[in-house]
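Colleague: Build me a model:
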Amino acid sequence: MKPVNRGFAAVVFNSILVSSLLLSCGSAPKAVPQAPVIESTYTADPSEAVAITVPAVKERTYFSSVNQDALAAVEKGDPESLHLAISLLRKDSSSYEEAEKILLNIAKSLMQILWPTQTVAVEIPPVTSANPYTGAIDSSRQGIYDMSTGNGDFLALVLPSLVLVTSESRNDYYDTARESLDKALELKEGSVLANYLRGVLSRRTNDYSGAINYFSKAQEGAADCVEVSYALADCYYKSNQLEKSLSVCDSILQKNPLYRPALKLSAEITFATNRIDECEQFVVRVLQQEPENAYYVLFRARILIQKNDYIRAASLLDVYGRSDGEGRDYLLLRAKVQKEWNRNLTAAASTIEKALTLYPDDSEIILAAAAISAETGVKIGGVSAVELADRILAKDPKNVQALTIRVNELVRRKQWQEAYRASSNLRQTASSSQFSVHTHIDICLEAGRKDEAWQIASNLYSQSPKDEQVIQSYIKVLVATDRRSEVSRLIAQILPSSTSKMKSFLYYERSFLASSEDAVLVDLRSSLTANPRNRDALFRLYNIYYNKKEYRKAQYYLKQVVALSPNDDSLLKLNSELETLLGR
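Modeller: Numbering: from 1, shown residues only. As a prediction, this is how the structure comes out:
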């Protein structure tokens with residue numbers, strides 16, 4: 001222990017003595033004897049200083065006086081936390097502080113705007129004073145991003161961004177919203193509220209990868225929140241991660257089987273992935289809740305058409321057409337039903353022409369019009385099938401459907417060299433179908449490229465000797481290249497066990513091997529016995545009798561060909577010539 005400095009002690013004693021005298025007198029005396037001044041040689045020693053602990057100053061915010069657990073729950077912002085906050089803050093209506101009323105109204109508004117599947121059953125006291133928090137919420141309901149809230153606390157940073165959910169009409173505030181939400185996440189990175197709104201902003205700017213990241217974080221804090229899960233599924237869908245999207249939808253529907261957004265998204269995914277039966281179930285479940293939803297009435301018609309259930313599809317189209325007879329999808333589906341089921345190509349052409357008039361730049365309509373034009377030989381809106389296909393190819397040179405239509409139309413016109421060039425281009429397309437290969441073989445034979453036809457057909461036959469279409473192409477090439485003994489053996493081998501349609505084909509091809517006209521006629525008639533609608537056999541009989549100038553018999557067979565292709569201009573011209581000859 002250090003010795004006491006006596007000079008310092010004397011000074012202290014004198015001070016205490018004077019103070020005591022003054023207090024005991026009650027009032028200051030006229031003259032107070034001065035104590036002798038004792039000079040001190042004391043010098044303060046810094047080592048003798050004593051540190052005094054000063055309490056830390058706590059930063060006060062607008063909500064410092066309310067229950068902090070309730071405040072934290074509102075800032076987290078998921079439905080469960082908001083319900084907790086409301087229960088923590090509830091009290092007798094006359095005893096609420098204004099800050100408590102404001103926080104309760106924030107919780108209620110978040111529930112209404114962000115989580116509409118939830119309800120707030122309790123009565124919330126109204127806010128009576130102007131404040132930046134409910135002001136920002138009111139602005140967001142009007143489609144306005146409130147710039148006046150400042151950045152004083154977490155809620156002031158976040159609440160203006162509610163406009164991302166309430167309105168899509170403006171985007172001039174996105175940078176400000178991004179900066180404020182990022183600051184909010186620095187304060188509370190686990191907030192479901194902030195992560196969800198940040199995800200909405202990323203989705204709005206087509207940053208689906210970023211949106212998935214934020215929605216995933218929000219889902220970590222709110223696994224049972226259907227709106228968060230659906231937002232995640234939607235972004236997976238829009239980023240073409242269909243299986244992930246469907247998986248999230250499945251988890252939603254297990255807990256919320258009537259949740260329509262998930263049912264609708266599941267319908268779109270299963271249709272896109274060709275799971276038609278599953279898709280139909282989702283569409284039916286939507287229509288059970290929304291029987292007047294025209295989009296899903298049409299959606300079901302599309303599914304039924306794909307399942308070849310044309311009777312029910314036509315009925316649904318009739319229902320839809322009463323309210324919207326000019327809709328794009330309606331006209332496309334109606335034309336398909338008329339073409340495939342009613343077999344009314346004239347009506348189909350008329351319907352698709354109407355669609356083309358209403359939607360002249362729609363690629364799907366142009367392709368549908370080109371397909372019908374190619375099949376009927378009739379121009380749609382004054383435009384041929386080739387011209388319609390060329391419109392598509394001008395924008396998309398590798399469009400398989402347009403290339404196929406172009407090839408088929410050139411074949412119908414018997415423009416073999418141009419058809420060969422178009423078909424060669426089609427074969428180079430990776431997604432080219434096997435059908436285009438067989439068409440190419442036919443074109444090669446007609447264009448005088450028999451070596452190429454043989455190379456393709458023999459290669460196909462070696463790989464698939466049991467495939468009926470491959471066998472037909474192979475036999476055509478054997479006949480065309482005069483491999484008579486080989487083709488005769490093959491026909492004799494497969495003829496007894498063939499289907500009627502295949503027998504018709506085999507008899508027709510065998511007619512080219514016959515050595516006499518009578519043998520040719522026998523094979524052609526056998527072909528028609530097996531399949532009376534064999535267009536090739538009918539047309540060859542017409543040619544035989546026409547060349548023999550037996551015009552009545554020629555007309556008999558030609559009329560049957562015309563009946564199978566009533567819109568083929570070349571056949572109609574031949575029939576007209578025959579009628580002229582017979583009329584002499």
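Colleague: Point out where the stretch 1-150 of the chain drops to low pLDDT.
Modeller: Counting by pLDDT under 70, the stretch 1-150 of the chain has low-confidence residues at 1-60.
Colleague: same thing but 50
Modeller: Residue ranges of the stretch 1-150 of the chain with pLDDT under 50: 1-42, 44, 49, 54, 56-58.
Colleague: Output stretch 370-379 in CSV with nothing but the alpha carbons.
Modeller: Output of stretch 370-379 as CSV, limited to C-alpha atoms (Å, rounded to 0.1, in the frame of the first residue of the first chain):
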residue,chain,number,x,y,z
ALA,A,370,-49.0,-25.0,-95.1
ALA,A,371,-49.7,-28.6,-94.0
ILE,A,372,-53.4,-28.3,-95.0
SER,A,373,-52.5,-26.6,-98.3
ALA,A,374,-50.0,-29.4,-99.1
GLU,A,375,-52.6,-32.1,-98.3
THR,A,376,-55.4,-30.5,-100.2
GLY,A,377,-53.5,-28.8,-103.0
VAL,A,378,-55.6,-25.6,-102.2
LYS,A,379,-53.9,-22.3,-101.6
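Colleague: quick check: mean pLDDT across that stretch?
Modeller: Stretch 370-379 comes out with an average pLDDT of 86.
Colleague: What are the contacting residues of that stretch?
Modeller: 335, 339, 345-346, 348-349, 352, 380, 383-385, 388-389, 392, 401-402, 405, 408-409, 412, 565, 567-569 (Cβ atoms under 8 Å, 6 or more residues apart in numbering). Any C-beta I mention is one placed from the backbone N, CA and C, and that applies to glycine too.
Colleague: Cross these against helices and list the overlap.
Modeller: Judged by DSSP state H, the contacts of stretch 370-379 include 335, 339, 345-346, 348-349, 352, 385, 388-389, 392, 401-402, 405, 408-409, 412, 569 as members of helices.
Colleague: For burial, what's the neighbour tally of the closest residue to Leu564 other than its chain neighbours?
Modeller: With sequence-adjacent residues excluded and distances taken as Cβ to Cβ, 6 or more residues apart in numbering, Leu564 is closest to Arg535, at 5.3 Å. Arg535 has 13 neighbours, counted by other Cβ atoms under 10 Å.
Colleague: Make sure Arg535 is actually in contact with Val561.
Modeller: Yes: applying Cβ atoms under 8 Å, one finds Arg535 in contact with Val561, separated by 5.8 Å.
Colleague: about what we covered before: emit the ChimeraX select command for whichever of the contacts of stretch 370-379 are buried.
Modeller: A single ChimeraX command is used to select the members of these judged buried by 16 or more other Cβ atoms under 10 Å:
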select :335,339,345,348,349,352,380,383,384,385,388,389,392,401,402,405,408,409,412,565,567,568
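Colleague: pLDDT below threshold where in the protein?
Modeller: 1-42, 44, 49, 54, 56-58.
Colleague: where along it do the strands fall?
Modeller: For the chain, no strands are identified by DSSP state E.
Colleague: give me every residue that touches Ile106.
Modeller: Counted by Cβ under 8 Å, 6+ apart, Ile106 has contacts 74, 133-134, 137, 155, 159.
Colleague: Just send those back as CSV, with distance to Ile365 and neighbour count too.
Modeller: Listed next are the contacts of Ile106 as CSV, based on distance: Cβ to Cβ, whole Å; neighbours: other Cβ atoms under 10 Å:
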residue, distance to Ile365, neighbour count
Val74, 52, 25
Tyr133, 52, 22
Thr134, 51, 18
Ile137, 46, 22
Leu155, 51, 24
Leu159, 46, 26
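Colleague: List the contacts of Val297.
Modeller: Counting by Cβ under 8 Å, 6+ apart, Val297 makes contact with 287, 316, 319-320.
Colleague: Could you rerun that using 10 Å?
Modeller: Val297 makes contacts with 283, 287, 290-291, 316-317, 319-320, 323, 330, as judged by Cβ atoms under 10 Å, 6 or more residues apart in numbering.
Colleague: could you dump these to CSV with distance to Met502 and neighbour count?
Modeller: CSV is the format used below for those (distance: Cβ to Cβ, whole Å; neighbours: other Cβ under 10 Å):
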residue, distance to Met502, neighbour count
Val283, 39, 26
Leu287, 44, 16
Glu290, 49, 15
Pro291, 48, 9
Leu316, 37, 19
Leu317, 36, 23
Val319, 42, 13
Tyr320, 41, 21
Ser323, 48, 11
Tyr330, 40, 21
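Colleague: Relative to Gly221, which of the residues you listed is nearest.
Modeller: Of all the contacts of Val297, Glu290 has the smallest distance to Gly221: 31.9 Å, by Cβ to Cβ.
Colleague: from what I can see that closest one touches Pro261, true?
Modeller: No: the criterion here is Cβ atoms under 10 Å, and Glu290 misses it with Pro261 at 11.9 Å.
Colleague: hang on, the earlier thing: now do the shared contacts for Arg535 and Val561.
Modeller: With Cβ under 10 Å, 6+ apart as the test, Arg535 and Val561 both reach Leu571.
Colleague: Show me where the stretch 201-350 of the chain has its helices.
Modeller: Assigned by DSSP state H, counting those that start in this stretch, the stretch 201-350 of the chain shows helices spanning 208-221, 226-238, 242-255, 260-272, 276-289, 294-306, 310-321, 328-340, 345-358.
Colleague: Ser515 and Val200: what is the separation?
Modeller: Remark: distance between Ser515 and Val200 (Cβ to Cβ, to the nearest Å) = 81 Å.
Colleague: do Glu168 as well
Modeller: Look at Glu168 and Val200: by Cβ to Cβ, they are 10 Å apart.
Colleague: Equivalent analysis for Leu403, please.
Modeller: Distance from Leu403 to Val200, by Cβ to Cβ: 42 Å.
Colleague: what do you get for Ile303?
Modeller: Taking Cβ to Cβ, one finds Ile303 at 32 Å from Val200.
Colleague: How about Asp318?
Modeller: Applying Cβ to Cβ, the value for Asp318 to Val200 is 41 Å.
Colleague: The two: which has the busier surroundings?
Modeller: Each of Asp318 and Val200 has its neighbours counted (other Cβ under 10 Å); Val200 has more, 22 against 11.
Colleague: Wait, that one touches Phe215, no?
Modeller: Yes: in this structure, Val200 is within contact of Phe215 by Cβ under 10 Å, at 8.7 Å.
Colleague: Now the common contact residues for these two.
Modeller: Ala231.
Colleague: Which stretches in the stretch 51-200 of the chain count as helices?
Modeller: 68-76, 79-89, 98-114, 132-141, 154-158, 163-166, 174-187, 192-204.
Colleague: What residues sit buried inside the third one?
Modeller: Residues of helix 98-114 classed as buried under the neighbour-count rule (16+ other Cβ under 10 Å) are 99-111, 113-114.
Colleague: just stretch 297-306 next, same as before
Modeller: 297-305.
Colleague: again, but for stretch 216-235
Modeller: 217-219, 221-222, 225-235.
Colleague: Now do the helices in the stretch 351-500 of the chain.
Modeller: 363-376, 385-395, 400-412, 416-427, 434-446, 450-463, 468-480, 484-494, 500-510.
Colleague: need those in a markdown table with distance to Ala267, can you?
Modeller: Converted to a markdown table, those look like this (distance: least, Cβ to Cβ, whole Å):
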| stretch | distance to Ala267 |
| --- | --- |
| helix 363-376 | 19 |
| helix 385-395 | 28 |
| helix 400-412 | 25 |
| helix 416-427 | 33 |
| helix 434-446 | 30 |
| helix 450-463 | 39 |
| helix 468-480 | 35 |
| helix 484-494 | 46 |
| helix 500-510 | 38 |
